[in-house]
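> Structure for the following, please:
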Amino acid sequence: MDFSYTETQDMIRDTLSRFLTDTYDFDSRSKMIASSSGRDTGIWKALAQDLGMLGASFSEEHGGLGGGYLENALIMEELGKVIAIEPYLQTVVLGGGALKAVGGAVADSVIPEIIGGNVIIGFAYAEPQGRYNLSNIRTTAKKDGAGYVLNGHKSVVYAAPWATHLLVTARTGGANTDVNGVSLFLIDANAKGIVRRDYPTVDGFQASEIYFENAAISGDALLGDEGAGLPLIERIVDEATVAVCAESCGVTAKLHQGTLEYARQRNQFGQPISRFQVLQHRMVDMFMEVEQSKSMTTMATLKLDLPAAERMAAVSACKAKVSRSAKFVGQSAIQTHGGIGITQELAIGHFFKRATMIENQFGSADHHYERFERLTLAD
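Below is the predicted model of the structure:
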């Protein structure tokens, strides 16, 4: 099987890499995070309008480049190499993925706005009691005439402080953890009845606790069929999980590279510590973890269109491996650097923070081992 990229995919990767190298160095990122908004809006505009990156995974009918999962993975890996705080995952992968899946008038109107950089989406799905169970939802959407009334609490909604829209999971029927009765809505982030508490996350992003207090939304905010949204939610979360794995490949590659450079420069006992055999073995082990993560991510990306059970098993195998690799590479980098590795002034500590967050994002290694076992050993 040929795993080489197409000419267009190479162009996307190389163009984005050059842009990020020029505009997203560590000092620039630090200034963005420290600013009042937590970001530089010009970066998002450039990704959309100057480079066309936000349209890479959308169809040409919507004004995109006609790509898909591989393009998302390529872009996420490059974003990981600079630990970019851009809301690509939430807006393009999750929001765009849901819109592509359901199609219709809403998709036709919103996708071009995503491509143009005018829409940012926050994915409001996690709840305090939910852990990794996507059907454990207490937020309710009750029918009210032609629309719905939302009530509930969503936790750690990445990109919500910047969002124009929220992609919200809510229960329109059934009990707390029933697989039926779950619905998905795309709503105006500034709708009346939405209360936000914004805060920075440990890895430099911005997130919010969101409270819906009798928030009235229109009937056309519903994506797909009422009460039958769980398969769609599982699908887009699987797509996002693989995209995060691709990001991790970029993050861990930089952790390995930075650690290798440091080991060559740091002298101990009259010689660079890179000459110590035990550290040479560590560098090789880090390299192998990065390469294995890349291979697993490519495998999972190519299986996202398989039937649900096969797709989920492939995604879980990938995420379990990538989570363990992110932990190993991150901890090895910090151990080699010593105390300086966790200072604010050194980039390696910030890559470590992102790797640590990725370990558990959309499910820990243990969670995905259990899901893989359940799916592959089922009668």
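> how's this protein carved up into domains?
7-118, 123-228, 231-376 (automatic domain parsing).
> Output those in CSV; the columns should cover mean neighbour count and mean pLDDT.
Yep, even glycine has a C-beta here, placed from its N, CA and C like the rest. Formatted as CSV, those follow (neighbours: other Cβ atoms under 10 Å; pLDDT from 0 to 100):
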stretch, mean neighbour count, mean pLDDT
domain 7-118, 19, 95
domain 123-228, 19, 95
domain 231-376, 19, 94
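> Quick check: the gap between His350 and Ala215.
According to Cβ to Cβ, to the nearest Å, His350 and Ala215 sit 36 Å apart.
> just the strands in the protein please.
121-124, 140-144, 147-158, 165-171, 182-188, 194-200, 206-217, 222-223, 267-268, 271-272 (DSSP state E).
> Got the phi and psi for the residue sitting furthest away from the middle of the chain?
Distance from the C-alpha centroid of the chain peaks at Gly270, with 43.9 Å (Cα atoms, centre = their mean). Backbone torsions for Gly270, taken as degrees, to the nearest 10, come to phi 80, psi 10.
> now swap in Tyr24 and tell me
Tyr24 adopts backbone torsions of phi -120, psi 40, taken as degrees, to the nearest 10.
> what's the spacing between it and Ile273?
From Tyr24 to Ile273 the distance is 29 Å (Cβ to Cβ).
> same thing with Arg13?
33 Å.
> do Asp225 as well
On the measure of Cβ to Cβ, Asp225 and Ile273 end up 60 Å apart.
> Could you do Lys319 as well?
Taken as Cβ to Cβ, the span from Lys319 to Ile273 is 33 Å.
> same deal with Leu94?
For Leu94 relative to Ile273 (Cβ to Cβ), the value is 42 Å.
> do the same with Ala333
Distance of Ala333 to Ile273, given as Cβ to Cβ: 13 Å.
> can you pull out the helices in the chain?
Per DSSP state H, the chain carries helices over the ranges 7-23, 26-34, 41-45, 69-81, 88, 96-102, 104-115, 230-265, 277-302, 308-337, 347-360, 365-376.
> now for the second one, which elements pack on it?
It stands for helix 26-34. Packing contacts for helix 26-34, counted by 3 or more Cβ pairs under 8 Å, 6 or more residues apart in numbering; DSSP states H and E, involve helix 347-360.
> for the helix it packs on, packing partners?
Checked by 3+ Cβ pairs under 8 Å, 6+ apart, helix 347-360 has helix 26-34, helix 230-265, helix 308-337 packed alongside it.
> Now for Gly130: which residues touch it?
136-137 (Cβ atoms under 8 Å, 6 or more residues apart in numbering).
> ok, now the one 3 residues further on?
The neighbours of Asn133, taking Cβ under 8 Å, 6+ apart as the test, are Thr177.
> Kindly report the same for Ala246.
Ala246 touches 72-74, 76-77, 80, 297, 301, counting by Cβ under 8 Å, 6+ apart.
> what two of those residues are the furthest from one another?
The span of the contacts of Ala246, defined through Cβ to Cβ, is set by Gly80 and Thr301 at 14.6 Å.
> Now render the strands of the chain as TSV, adding distance to Gly42.
Putting those into TSV (distance: least, Cβ to Cβ, whole Å) gives the following:
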stretch	distance to Gly42
strand 121-124	20
strand 140-144	36
strand 147-158	20
strand 165-171	21
strand 182-188	24
strand 194-200	20
strand 206-217	17
strand 222-223	31
strand 267-268	41
strand 271-272	40
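> So which of those is nearest Ala365?
The closest of the strands of the chain to Ala365 is strand 147-158. By Cβ to Cβ, the value is 19.4 Å.
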